[in-house]
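Trainee: Take a look and give me a structure for this.
(2 chains)
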Amino acid sequence: MTPLTIAFLPLTDCAVLAAAKEKGFAAENGLDLQLVRDVSWATARDRLIYGQVQCAQMLAPLAVAVSLGLGQHPAALAAPFKLSVNGNAVTFSRRLAAMLEMDAGERVRDPAATAQALATVLRTLPAKPVFAVVHRFSSHALALRYWLSSAGIDPDADIVLRVLPPSFMSDALGRGEIDAFTAGEPWNSVSVASGNGEIVALGSRIWESGPEKVLAMRQDWADANAEVVDRLLQALDRAAAWCQDDRNHAELAAILSSNSYVGCPAELIASALSGQIRLVPGEPSVEERNFLLLHRHASNFPWRSQALWIYSQLARWDYLEPSADAEAAASHVFRSDIYRRALAGGATPLPGASLKLEGSLSGEWPVASDTGKLSLGPDRFFDGEVFDPSAVGDYVQRFKAQA
Amino acid sequence: MRIVIVDESHLRATIVEEGLMEAGYRDIILVPPAAGYVAEIERLAPDVVIFDLGSPTRDTLEEMLAVSRSLARPIAMFVDKSDDDMIGAAIDAGVSAYVVDGLRKERVKPILDLAVRRFNAFSRLQNELHDAKTALSERRVIERAKLLLMSSRSLDESEAYALLRSTAMRQNRRIVDVAEAIVTASELLEGKQ
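Mentor: Alright, predicted model coming up:
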């Protein structure tokens, strides 16, 4: 058995790592998996960079940012496997939600109208509302910025952005310290269950196929341990397929509810797994089939175009100075080559390409793969924009011109 | 040099503070990571922040350090590039340090080393305390099992203990496990559950 330690945070989307260990997929591949629970991204990042763990669950934009030297300390990271796609939501205080004067179902179905309604509300508020995000380099923060700016809201000027740990969000909303937050599950559902908040937007309705958490490792470690990486990816692939299967959701929710993982009631975890989301306290749930993807539609495949989309947003919000080198480095974080090497000839079909137009598929779509049986899911942005990874500069300029 | 210690555990923070005082540092402020503490740190403008990695608010702190306009000099996590082992030891101990730009490595390293030693000493103490509590409760269980045997089998104290011991040896179990089984069985039979 090869010992392997992986850092993770207590979130519903640590599911694939938890299943790899608890359901024996890692052991079957000769890996003695130790999962290290951290409570901040900064600490998971440091454990990874300084070699306390070999791998870490990581926010996809954080993996790109660390590799580009943004933030605390630079390190070349490799992300050969996506642990989840989608899974986030935006929760408003009940007071702010009521001011939108929209039906709860309509709010999540029509993000453009909701952003417009918020823009109108902002003009009447005496003070800027406080929006909390989990990290500046999070998919949540990038999606929130993308969504709000569609209605002409400047996220750096018209609202106050704060960083809070997800487990603090619901209470902060209840105490009136913040007016809204965006986080992964179970924290939106926790807020609705406690009566503090209403879910007004779903990540899966802002971008239908947004990369969320990745498995990150140091690039030098990945190069020196290719055989171990391959076995790990094979184990995670099988674990992800198990997690995606509806029949296993009750057992998975029970595993995740324990204190060694998320530490929260199983029913609040099950809702994200099954895509049954309660938007408003006391109201029935709505169904959102692609709320959280753990395996379906090749969701574990690290499309280089998605790393480039993240890069485009970091450039758009002036976190970095665009350059050909930085663009190439960002693209290189998502290691579709390692994914292919590890999973060649396995049960999961491999896409023929490593880049695609992001935002062009409106439904399930068969694509070229090694087995000919792969269909990708819908991947549109709510505003209809299409991201062409071969023209990143134009894409960024288009948004900057609107601002 | 102003040092701020951010720790969920007030006891541990005090132990670190005491060590720093002994080492000759005078300007030390303890800040519990409660609501709004990040703004408090910003106001205090420390040179060094000793931070407990068990607090989920570390991302909030780093965000403040990244965007603050009121700090005179930027603060970054202290990383001695020549010594990854030291950072590893700090992470293992559950502590990190943020220091202001320009503070020399030789001035920071002893502070972090001291914090690491104190954090480790604190967790050793906690383990010892836990062990001591366990030992105490184990002794109580054995005493109770002895009393039960003495009254039900009309044995004296040393005979009761000898019986516990020989049973444990025969069954290859610890004496306290045998004693626990006796106490549990007796409670069940007396309907105390």
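
Trainee: which secondary structure element contains residue 147?
Mentor: Just going to use chain A. Assigned by DSSP states H and E, residue A:147 belongs to helix A:139-149.

Trainee: My question was about chain B, not that one.
Mentor: Per DSSP H and E: residue B:147 is located in helix B:105-153.

Trainee: State the mean pLDDT of the next helix or strand after that helix.
Mentor: Using DSSP H and E, the helix or strand that follows helix B:105-153 in sequence is helix B:157-171. Across helix B:157-171, pLDDT averages out at 91.

Trainee: ok and helix B:157-171 relative to helix B:105-153, angle-wise?
Mentor: Using axes from the mean of the first three to the mean of the last three CA atoms, to 10 degrees, the direction of helix B:157-171 lies 110 degrees away from that of helix B:105-153.

Trainee: List the buried residues in helix B:157-171.
Mentor: Using 16 or more other CB atoms under 10 Å in any protein chain shown as the test for burial, helix B:157-171 gives B:160, B:161, B:163, B:164, B:167, B:168. In this view, the C-beta of every residue, glycine as well, is placed from N, C-alpha and C.

Trainee: and if you look at stretch A:311-326?
Mentor: Going by 16+ other CB under 10 Å, stretch A:311-326 has these buried residues: A:311, A:312, A:313, A:314, A:315, A:316, A:317, A:319, A:320, A:322, A:326.

Trainee: quick one: contacts for the third one?
Mentor: Residue A:313 is in contact with A:61, A:142, A:145, A:146, counting by CB atoms under 8 Å, 6 or more residues apart in numbering or on different chains.

Trainee: The first one and chain B: what is the separation?
Mentor: For residue A:61, the distance to chain B under the criterion CB to the nearest CB, to the nearest Å works out to 13 Å.

Trainee: Check residue A:326 too.
Mentor: Shown here: residue A:326 relative to chain B, a distance of 19 Å by CB to the nearest CB.

Trainee: Most neighbours out of the contacts of residue A:313, which is it?
Mentor: The most crowded member of those, judged by other CB atoms under 10 Å in any protein chain shown, is residue A:61 (28 neighbours).

Trainee: thinking residue A:119 is in contact with residue A:151, fair?
Mentor: Yes: with contacts counted by CB atoms under 8 Å, residue A:119 reaches residue A:151, the gap being 4.2 Å.

Trainee: Looking at these two, which has the bigger crowd around it?
Mentor: residue A:151 (18 against 15).

Trainee: Assign the nearest residue to the more buried one once chain neighbours are set aside to helix, strand or coil.
Mentor: Spatially, and ignoring its direct neighbours in sequence, residue A:151 is nearest to residue A:115 (3.7 Å; CB to CB, 6 or more residues apart in numbering or on different chains). Classification of residue A:115 using DSSP: H, G, I helix; E, B strand; the rest coil returns helix.

Trainee: separation between residue A:115 and residue A:148?
Mentor: 6 Å (CB to CB, to the nearest Å).

Trainee: Run a quick neighbour tally on residue B:189.
Mentor: Quick note: residue B:189 (other CB under 10 Å) scores 8 neighbours.

Trainee: In the chain, which residue is most central in space?
Mentor: Because you didn't say which chain, this covers chain A. Chain A has residue A:212 as the residue nearest its centroid, 1.8 Å off, counting by CA atoms, centre = their mean.

Trainee: my bad, chain B
Mentor: residue B:123 (3.6 Å).

Trainee: continuing past the longest helix seen in chain A, what's the next helix or strand?
Mentor: Selection of the longest helix in chain A by residue count, based on DSSP state H, yields helix A:226-244. Next helix or strand after helix A:226-244 toward the C-terminus (DSSP H and E): helix A:249-257.

Trainee: ok and the following helix or strand past that next one relative to helix A:226-244, angle-wise?
Mentor: Later in the chain than helix A:249-257, the nearest helix or strand by DSSP H and E is helix A:266-274. Here the directions of helix A:266-274 and helix A:226-244 differ by 100 degrees (the same axes, to 10 degrees).

Trainee: helices or strands up against helix A:266-274?
Mentor: For helix A:266-274, the packing partners by 3 or more CB pairs under 8 Å, 6 or more residues apart in numbering or on different chains; DSSP states H and E come out as helix A:187-193, helix A:249-257.
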